[in-house]
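Enquirer: The sequence isn't on hand, but the structure is:
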Ligand SMILES: [Mn+2]
């Protein structure tokens, strides 16, 4: 499945743990204002309870998508009362300003890969804050980075092994990259989700 707008092209791949019908990993790709909001949520554990928590968090992100990233974290927390916790990665890509703001709470991967390798550093890794949403109040750090045409952003759950970024062919489409990462870098002991977005003309 892919969502395309004028400037941000995004796609994802999601695979539940074998034997589970539902993935506890979910994502959101949504046009918000002139930009695109990306979210990856991993409900703690797996199976139906993890999926219920992930659905609640994604619903909160969708309902409040115009709010600042930091407020979305609080919205998720409010939506998770009585449910399991989640870990979360959020990014807002603003093609007009050519910036991306992002944050992570818990074990969520995020990497920005530059199209122009002369643009140093050629890779920026998101450093998530510790913890999860649904426990102690989280106070994540929102970081802003410049975006250039062709740059690729990847958010993924911990069902994906580290080190995948080195193996990617950046001329491939976001969907091809997402499918490749799921096919080749799956841990196999957890649900897995990878979301790939690119800033395109
Ligand atoms: Mn997980």
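Expert: Great, that's in hand. What you see is a predicted model; the values in this text were computed from it and never measured.
Enquirer: Residue numbers of this protein in contact with the ion?
Expert: 42, 157-158, 190 (C-beta under 5 Å from the ion). Every residue, glycine included, has its C-beta placed from N, CA and C.
Enquirer: What about those, which one has the most neighbours?
Expert: residue 42 (32 neighbours; other C-beta atoms under 10 Å).
Enquirer: what residues are up against that one?
Expert: By C-beta atoms under 8 Å, 6 or more residues apart in numbering, the contact list for residue 42 reads 24-25, 50, 54, 86-88, 106-108, 157-159, 191, 193.
Enquirer: Please repeat the previous calculation with a cut-off of 6 Å.
Expert: Shown in contact with residue 42 (C-beta atoms under 6 Å, 6 or more residues apart in numbering): 25, 87, 157.
Enquirer: In CSV, list the residues you listed along with secondary structure and distance to residue 151.
Expert: Output for the contacts of residue 42, formatted as CSV (DSSP: H, G, I helix; E, B strand; the rest coil; distance: C-beta to C-beta, whole Å):
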residue, secondary structure, distance to residue 151
25, strand, 24
87, strand, 24
157, coil, 22
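Enquirer: of the residues you listed, closest to the ion?
Expert: residue 157 (5.0 Å; C-beta to the ion).
Enquirer: Give the full set of residues in contact with the closest one.
Expert: For residue 157, counting by C-beta under 6 Å, 6+ apart, the contacting residues are 25, 42, 192-193.
Enquirer: rerun that using 7 Å as the cut-off
Expert: Going by C-beta atoms under 7 Å, 6 or more residues apart in numbering, residue 157 touches 25, 40, 42, 108, 191-193.
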